[in-house]
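Asker: need a structure here:
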Amino acid sequence: MESGCPPSRSRSRTDGGPDSGHWWPGDPVSTATLRGRPDRAREIRERADGPWGYGPPVNDEDGYFGEAVAARYDEPSEMSEPDVVDATVDLLAELANGGRALELGIGTGRIALPLTLRGVEVHGIDLSRAMVARLRAKPGGDAIGVTIGDFATTKVDGTFSVAYLVFNTIMNLTTQDAQVACFRNVAAQLEPGGCFLIEVLMPQLRRLPPGQNVVPYHVSPTRWAFDIYDVATQATSSNYVYVGDGRGEYRSIPFRYVWPAELDLMAQLAGLRLRERWAGWKREPFTHESDQHISIWEKPAA
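Answerer: Residues are numbered from 1 along each chain as shown. Model prediction:
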């Protein structure tokens, strides 16, 4: 699904961690949590007993985006605000320039459906059958082609003018190798002159006090949320604790944060070159104070 990962994480828009969806165990899901890959359940299971303590394995074949999440995924949230969706679709339609678009993590169609209404043919890749079923149930959703699979490696028929990964979904690939593979996979499916767009947060390491690796971002009498960072490996996790109503619950979700310069090198390895980088969908200048970036790499025309 699209946005398999956390929202844009701009501190002016959310106070959450990488999994800024702010959905708590047992609570309605208002934004994004995590989009797993085919090996996600195994990966989480292996980490469950390790030093990160990511918690119990995910046994659903849809990873973290099974039916329980899919049923509530379209509830109003910051990522569904009209100005956010419109700005995203405007840019993607411009980049498509009459050609086809490939969405990695298409989900319930937050971006794909309005982009289709702009006359752009969209094909999606997604792991979660439950999320895709929600897309299919929407007007026009059954006309969008979707391939079930790992977007780091799955290829579909034809080529595309633009491919895109929005809402921090690149961070759901929790190894550098997987992120590099994603770039190469996209490059192989782009037409000459085609573009790859990624929306992703800037790592919030400046908020780490010296000697600490935990950044709390919500504290209340019944709920606590915090991010854990490993700056040596770029592994991070969003962690949620709930105690109330006679029960206690804990959930932890892993990500891998990635720097703009690192993404540029991944693009270079895939034969792509940086075209644009902005701080947001309104094409604000990207600076050292930016909380996120919209980056576009292009495949050489010749």
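Asker: any idea how far residue 222 is from the residue of the chain most remote from its centre?
Answerer: Relative to the C-alpha centroid of the chain, counting by C-alpha atoms, centre = their mean, residue 246 is the outermost residue, at 33.6 Å. Here residue 246 is placed at a distance of 12 Å from residue 222 (C-beta to C-beta, to the nearest Å). C-beta coordinates here come from the backbone N, C-alpha and C atoms, glycine included.
Asker: mind listing the strands for this protein?
Answerer: With strands called from DSSP state E, the chain shows them at 101-104, 122-126, 145-148, 160-165, 190-201, 214-219, 223-230, 235-244, 247-256, 273-278, 292-298.
Asker: now for the second one, which elements pack on it?
Answerer: When you say that, I think you mean strand 122-126. Identification of packing neighbours for strand 122-126 by 3 or more C-beta pairs under 8 Å, 6 or more residues apart in numbering; DSSP states H and E yields strand 101-104, helix 112-117, helix 129-137, strand 145-148.
Asker: out of the ones you listed, which gets nearest to residue 185?
Answerer: strand 101-104 (8.7 Å; C-beta to C-beta).
Asker: hmm, back to that, among the strands of the chain, which is nearest residue 82?
Answerer: Per C-beta to C-beta, nearest to residue 82 of the strands of the chain: strand 190-201, 17.0 Å.
Asker: strands paired with the closest one, and their directions?
Answerer: strand 160-165 (parallel), strand 292-298 (antiparallel) (DSSP bridges).
Asker: nearest to residue 227, out of these?
Answerer: The nearest among those, by C-beta to C-beta, is strand 292-298 at 15.4 Å.
Asker: got the CA positions of that closest one in CSV?
Answerer: This file holds the C-alpha atoms of strand 292-298, laid out as CSV (Å, rounded to 0.1, in the frame of the first residue of the first chain):
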residue,chain,number,x,y,z
GLN,A,292,11.4,15.9,5.0
HIS,A,293,12.1,16.0,1.3
ILE,A,294,10.5,15.2,-2.0
SER,A,295,13.3,14.0,-4.3
ILE,A,296,13.1,13.2,-8.0
TRP,A,297,15.7,11.2,-10.0
GLU,A,298,15.6,10.7,-13.7
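Asker: and residue 187, what is it in contact with?
Answerer: Neighbouring residues of residue 187 by C-beta atoms under 8 Å, 6 or more residues apart in numbering: 196, 270-272, 299.
Asker: which of those residues has the largest number of neighbours?
Answerer: Within the contacts of residue 187, neighbour counts (other C-beta atoms under 10 Å) peak at residue 196, which reaches 28 neighbours.
Asker: identify the residues contacting residue 226.
Answerer: So residue 226 contacts 17, 214-218, 238-239 (C-beta under 8 Å, 6+ apart).
Asker: list only buried entries from these.
Answerer: The neighbour count (16 or more other C-beta atoms under 10 Å) marks 17, 215, 217, 238-239 as buried among the contacts of residue 226.
Asker: between the residues you listed, which sits nearest residue 68?
Answerer: residue 238 (18.1 Å).
Asker: ok, that closest one touching residue 225?
Answerer: Yes. The pair residue 238 / residue 225 is scored as a contact, 7.1 Å apart, by C-beta atoms under 8 Å.
Asker: per-domain residue ranges of the protein.
Answerer: Annotated domains of the chain cover 40-205+258-298, 211-253 [automatic domain parsing].
Asker: and the ones you listed, which one averages the lowest pLDDT?
Answerer: Ranked by mean pLDDT, the domains of the chain bottom out at domain 40-205+258-298, which scores a mean of 88.
Asker: for residue 265, see how far away residue 123 is.
Answerer: Applying C-beta to C-beta to residue 123 and residue 265 gives a distance of 28 Å.
Asker: compare these two (neighbour count), which wins?
Answerer: Set residue 123 next to residue 265 and count neighbours by other C-beta under 10 Å: residue 123 wins out with 20 against 13.
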